[in-house]
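> predicted structure and sequence below. I'll ask about it afterward.
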Amino acid sequence: MDRSAGFVSVGVGYEVRGGRARCVRKAVETIDVAILGASGYTGAELLRMLAVHPKAKIAAMTADRSAGKPIGEVFPQYGFGSQFAQSLPDLVKVAEVEDWSKYDLIFCCLPHATTQEIISGIPLETTKVVDLSADFRLSNIDTYTAWYGEHKAPYLQKEAVYGLVEHKRDEVRDARLVANPGCYPTAAQLALIPLLKNKSISSTDIIIDAKSGATGAGRSAKVGTLFCEVSDGMHAYGIAQHRHAPEIEQGLSEVTGEDVLVNFTPHLIPMNRGILETIFVKTSESPGALRQQLIEAYEDEPFVHVLPEGVSPHTRHVRGSNHCVMNVFPDRLPGRAIIVSVIDNVVKGASGQAIQNMNVMMGFDETMGLEGQPFFP
Ligand SMILES: NC(=O)C1=CN([C@@H]2O[C@H](COP(=O)(O)OP(=O)(O)OC[C@H]3O[C@@H](n4cnc5c(N)ncnc54)[C@H](OP(=O)(O)O)[C@@H]3O)[C@@H](O)[C@H]2O)C=CC1
Ligand SMILES: CC(=O)N[C@@H](CCC(=O)OP(=O)(O)O)C(=O)O
């Protein structure tokens, strides 16, 4: 199926001359993308969202246990009906993908430590990569090793661009490899970066109380995500030792120029998708002033919004959409304020943000394919 009919735009591409790649402007019709790990939750969400993307054509999809199957056997919703469903290729193993250079961009929706095993085979001169795992998020290799273990492609750690588009747009535009931010770090950094930039909050007293739905844990079977373990109760996990703390700290330290440490506690709650973070900060400014600073920081941003004064962000305000919604509230304790930030973990916290990154990398309109409104009710 050719969904490019009628579309020709100018995008950013790479041209190889004399063995050297250089960034050029080129006419872009549709691009061919591959989704590695298409049978998981973030892969499924990419399928749902790319179905309405006018310029990205899904040309290859991989899986592990589900390899060899048509996608309709894994997700029956793609086994019938639309032209989009019929256009989808069957799932193959990563090792069966023969020529990576056939794809303009590859989304890696693979478990941690898997993209780093295959990335050396992907020619970044011709094929861009958006990696949804944590493999390339931590630019300091020692920090990576301390939290995740040995890295198999450490030479790419410095080149990878951390894809928090609202704060890294220029770098993302020129990137060959984007590390899509983690879900919890996305909600936290979007709320905190503008306030730290303005020196309006203390960098030594940040407490992030975070809650996530169970899709955050992925689709593979684990006791911890069984219905009876998740429903009708909630618990904190990774207390003071979750691997998203160093990711948040990296982003905040970049802003302040000093080593920031945060108190970060995630909780698993009985819902499918959504993240809500309640962030406690120390400040000498009024909550109204902090709120105004966030409004100003994001007034031109299509996906980050500050709610009217006093309105409490709800995961339903963003469910199924690429938006992040936040607000600032007074604390009863003097000299403190409370920020609440919500995202959908599989959209702004993963696949939606990955498409936003793709749009910027390819020179497409940043909101292309991402205009869907939150599911409500
Ligand atoms: N879920 C979320 O909210 C978020 C997830 N992420 C990150 O995105 C990545 C994907 O997450 P998610 O979709 O939830 O994960 P899932 O567990 O739901 O899916 C993983 C996918 O990778 C495939 N796979 C598993 N093992 C291998 C392997 N050894 N080699 C090749 N393919 C393999 C699976 O195939 P099969 O099913 O056939 O076995 C499946 O398609 C992870 O790194 C995760 O940390 C990031 C932000 C948010
Ligand atoms: C509920 C749940 O288990 N969440 C995951 C985070 C998922 C995510 O966004 O991040 P990564 O890409 O870094 O895995 C966790 O706590 O490990």
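Happy to help now that I have it. Ligands and ions are numbered 1, 2, ... in the order given.

> which residues does Thr265 bridge with?
Asp209 (DSSP bridges).

> what residues are up against it?
Contacts for Thr265 were tallied using CB atoms under 8 Å, 6 or more residues apart in numbering; they are Ile208, Asp209, Ala210, Ala236, Gly238, Ile239, Ala240, His242. For the C-beta atoms, the positions are set from N, CA and C on the backbone; glycine is no exception.

> quick one: the residues you listed as TSV, columns for pLDDT, neighbour count and distance to ligand 2 too.
Converted to TSV, those look like this (pLDDT from 0 to 100; neighbours: other CB atoms under 10 Å; distance: CB to the nearest ligand atom, whole Å):
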residue	pLDDT	neighbour count	distance to ligand 2
Ile208	98	25	13
Asp209	98	17	14
Ala210	98	24	9
Ala236	98	14	11
Gly238	97	16	6
Ile239	98	12	12
Ala240	95	9	14
His242	98	19	6
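
> enumerate the residues of the stretch 51-200 of the chain near ligand 2.
Ser133, Ala134, Gly182, Cys183 (CB under 6 Å from any ligand atom).

> repeat that with 5 Å
Residues of the stretch 51-200 of the chain lying near ligand 2 by CB under 5 Å from any ligand atom: Ala134, Gly182, Cys183.

> show me which of these neighbour ligand 1.
Within these, those near ligand 1 by CB under 5 Å from any ligand atom are Cys183.

> got the residues of the stretch 51-200 of the chain next to ligand 2 as a markdown table, with pLDDT columns?
Formatted as a markdown table, those follow (pLDDT from 0 to 100):
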| residue | pLDDT |
| --- | --- |
| Ala134 | 98 |
| Gly182 | 98 |
| Cys183 | 98 |
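
> would you show me how to pick out the buried ones of the residues of the stretch 51-200 of the chain next to ligand 2 in ChimeraX?
In ChimeraX, a selection of the buried entries from those looks like this (16 or more other CB atoms under 10 Å):
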select :134,182,183
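
> what about the residues of the stretch 51-200 of the chain next to ligand 2, which are in helices?
Cys183 (DSSP state H).

> as CSV, the residues of the stretch 51-200 of the chain next to ligand 2 with distance to Asn140 would be great.
CSV is the format used below for those (distance: CB to CB, whole Å):
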residue, distance to Asn140
Ala134, 13
Gly182, 16
Cys183, 21
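
> which one of the residues of the stretch 51-200 of the chain next to ligand 2 is nearest to ligand 1?
Nearest to ligand 1 among these is Cys183, at 4.1 Å by CB to the nearest ligand atom.

> where does the closest residue to the closest one other than its chain neighbours land on pLDDT?
The shortest distance from Cys183 to any non-neighbouring residue, by CB to CB, 6 or more residues apart in numbering, is to Gly349 (2.9 Å). Gly349 is assigned 98 on the pLDDT scale.

> am I right that Gly349 is in contact with Gln189?
No: shown here, Gly349 and Gln189 do not form a contact pair, counting by CB atoms under 8 Å, at 11.5 Å.

> the two: who's more crowded?
Just comparing Gly349 and Gln189: by other CB atoms under 10 Å the higher neighbour count belongs to Gly349, 29 against 26.

> and the gap between Trp100 and ligand 2?
Using CB to the nearest ligand atom, to the nearest Å, Trp100 is found at 23 Å from ligand 2.

> with adjacent residues omitted, what lies nearest to that residue?
Per CB to CB, 6+ apart, closest to Trp100 is Ile122, 4.6 Å.

> can you give me the pLDDT of the one you found?
Reading off the model, Ile122 has pLDDT 96.

> residue contacts, it?
If a contact means CB under 8 Å, 6+ apart, then Ile122 has Trp100, Ile106, Val129 as its contacts.

> rewinding a little: and for Gly349 and Gln189, which residues touch both?
In contact with both Gly349 and Gln189: Pro181, using CB under 8 Å, 6+ apart.

> show me where the stretch 151-300 of the chain has strands.
For the stretch 151-300 of the chain, the strands defined by DSSP state E, counting those that start in this stretch occupy 161-162, 177-179, 201-212, 235-236, 263-268, 275-283.

> and this structure, which of its residues are near ligand 1?
Contact residues, the chain versus ligand 1 (CB under 5 Å from any ligand atom): 37, 39-42, 63-66, 94, 109-112, 132-133, 183, 216, 218-220, 345-346, 349-350.

> make a ChimeraX selection of whichever of the residues you listed turn out to be buried.
Typed into ChimeraX, the line below selects the buried ones among the residues of the chain next to ligand 1, using 16+ other CB under 10 Å:
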select :37,39,40,41,42,63,64,66,94,109,110,132,133,183,216,345,346,349,350
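
> next step: the residues of the chain next to ligand 1 restricted to helices.
Those of the residues of the chain next to ligand 1 lying in helices (DSSP H): Tyr41, Thr42, Cys183.

> closest to Thr367 among the contacts of Thr265?
Among these, Ala210 lies closest to Thr367 (CB to CB), at 26.5 Å.

> just checking, which helix or strand of this protein averages the lowest pLDDT?
Least confident helix or strand, the chain: strand 9-17 with a mean of 47, by mean pLDDT, DSSP states H and E.

> OK, contacts around the closest residue to ligand 2 within the stretch 51-200 of the chain?
Across the stretch 51-200 of the chain, the shortest distance to ligand 2 (CB to the nearest ligand atom) belongs to Cys183, at 3.2 Å. By CB under 8 Å, 6+ apart, the contact set of Cys183 is Ser212, Gly216, Ile275, Ile343, Asn345, Val346, Gly349, Ala350.
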